[in-house]
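Visitor: 3D, please:
(one chain, ligands or ions: 4)
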Amino acid sequence: QAKRFNRGKVVFYDPKHVTAARDRMQMLSQLRQAFTSERLFLMYQPIVNLKTGRITAAEALLRWRNDNGDFIPPDRFIPLAEQSGLMVAIGEWVMRTAFRFLKSLSAIASQDFRIAINVSQTQFREPDFAPKLFQAMEDCGVEPSRVEIELTESVAIDSLERIKPTLGAVCQAGVSIAMDDFGTGYSSLSVLHQLHINRLKIDRAFVSGPGCRLDSQGIAATVLQLAEKLSLQTIGEGIEEESQRKALLEMGCTEGQGYLFSRPVAAEAFEKLLKKQM
Ligand code: C2E
Ligand code: MG
Ligand code: MG
Ligand code: MG
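Guide: Ligands and ions are numbered 1, 2, ... in the order given. As a prediction, this is how the structure comes out:
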């Protein structure tokens with residue numbers, strides 16, 4: 001199919017687009033293979049109390065190293081996995097792997113230590129998302145109060161009505177919900193309210209991004225004021241410098257994550273970090 005008729009105009013496919021489409025297909029089949037042969041893995045990044053520096057949670061981050069040994073960043077393969085529907089199965093694997101990891105830490109983690117998992121839009125929209133989540137928690141012996149799911153604003157915008165039952169069930173079970181990358185989307189105050197959100201994660205664009213202002217006029221300050229009014233907890237993302245930690249703390253942010261504290265690390269390394277603070 002070299003051309004398509006569009007309102008009488010002839011639109012020729014750009015060979016570059018054809019190549020890009022073929023590349024995506026190829027990448028998707030490699031991803032499928034990597035997934036079935038258990039070559040995807042998780043890294044964990046500490047979330048810390050900004051005042052004390054103590055680790056309060058771990059965020060699970062998906063990783064893929066392909067056959068050539070090349071590392072493919074999640075921002076590149078997750079959208080592809082979402083479009084193809086593969087993300088639902090991968091997401092369930094992420095959940096179970098992260099829960100088993102949490103369970104493995106039970107001797108060294110404090111009572112309120114949480115595991116945070118990213119949940120994609122397609123995954124969250126599946127009608128059986130909540131039952132699968134509950135089953136995974138039960139199978140792995142994990143308390144709902146120690147589980148946090150991170151959603152992005154896009155989840156809410158185009159399907160609020162559709163996701164309400166799931167949100168209700170998840171929240172009722174005692175799982176907490178964090179709004180990831182907050183400030184980069186378009187969610188309104190009313191949406192935030194309806195989503196049963198417990199935490200806002202302030203996107204790193206407003207913490208360490210180019211032109212970010214960590215002062216009373218900045219976006220981070222505005223979000224933190226909003227969070228306080230709505231009684232929401234907050235996590236600053238992408239903290240790379242001590243000055244950023246200090247500024248966020250002064251503006252009322254309670255937790256943070258970023259290279260200043262630790263990059264995402266393998267499970268064993270995370271365990272060591274946690275042991276150090278026992
Ligand atoms: P996110 O959930 O906002 O995760 C934070 C991202 O910021 C991670 O990138 C992390 O490595 C990076 N980061 C943390 N601290 C710093 C810092 O101080 N400076 C800088 N420059 N970056 C920092 P990563 O691991 O590449 O993940 C990218 C995105 O991919 C995540 O953003 C999340 O949206 C998505 N993702 C990762 N794992 C999963 C998963 O299991 N499921 C789903 N649905 N999405 C995932
Ligand atoms: Mg996240
Ligand atoms: Mg984020
Ligand atoms: Mg992000």
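Visitor: hang on, isn't M179 packed against N198?
Guide: No. M179 is beyond contact range of N198, at 9.0 Å (criterion: Cβ atoms under 8 Å). To be clear about C-beta, it is placed using only N, CA and C from the backbone, and glycine gets the same treatment.
Visitor: out of these two, which sits in the busier spot?
Guide: M179 (26 against 15; other Cβ atoms under 10 Å).
Visitor: list the contacts of the helix or strand containing the more buried one.
Guide: Taking DSSP states H and E as the criterion, M179 maps to strand 176-182. Residues from elsewhere that reach strand 176-182, judged by Cβ atoms under 8 Å, 6 or more residues apart in numbering: 114, 116, 118, 145, 147-153, 167, 170-171, 187, 192, 195-203, 223, 235, 237.
Visitor: I78 is in contact with W64, isn't it?
Guide: No. Contact between I78 and W64 fails when scored by Cβ under 8 Å: they sit 9.5 Å apart.
Visitor: what pLDDT does A89 get?
Guide: Confidence at A89, expressed as pLDDT, is 96.
Visitor: cool, and V11?
Guide: For V11, the pLDDT comes out at 61.
Visitor: try the one 10 residues further on
Guide: Listed pLDDT for A21 reads 85.
Visitor: which helix or strand contains it?
Guide: Going by DSSP H and E, A21 is in helix 15-36.
Visitor: name the next helix or strand downstream of that helix, please.
Guide: Downstream of helix 15-36, the first helix or strand assigned by DSSP H and E is strand 40-49.
Visitor: which outside residues touch that following strand?
Guide: With Cβ under 8 Å, 6+ apart as the criterion, strand 40-49 contacts 34, 54-65, 90, 93-94, 97-98, 101, 114, 116, 235, 254-257, 261-267, 270, 273.
Visitor: coming back round to it: tell me the first helix or strand C-terminal of the strand holding M179.
Guide: Using DSSP H and E, the helix or strand that directly follows strand 176-182 along the chain is helix 189-194.
Visitor: partner strands of the very next helix or strand once past that following helix, parallel or antiparallel?
Guide: Sequence-wise, the next helix or strand downstream of helix 189-194 (DSSP H and E) is strand 199-202. Within its sheet, strand 199-202 is paired with strand 176-182 (parallel), strand 233-236 (parallel), according to DSSP bridges.
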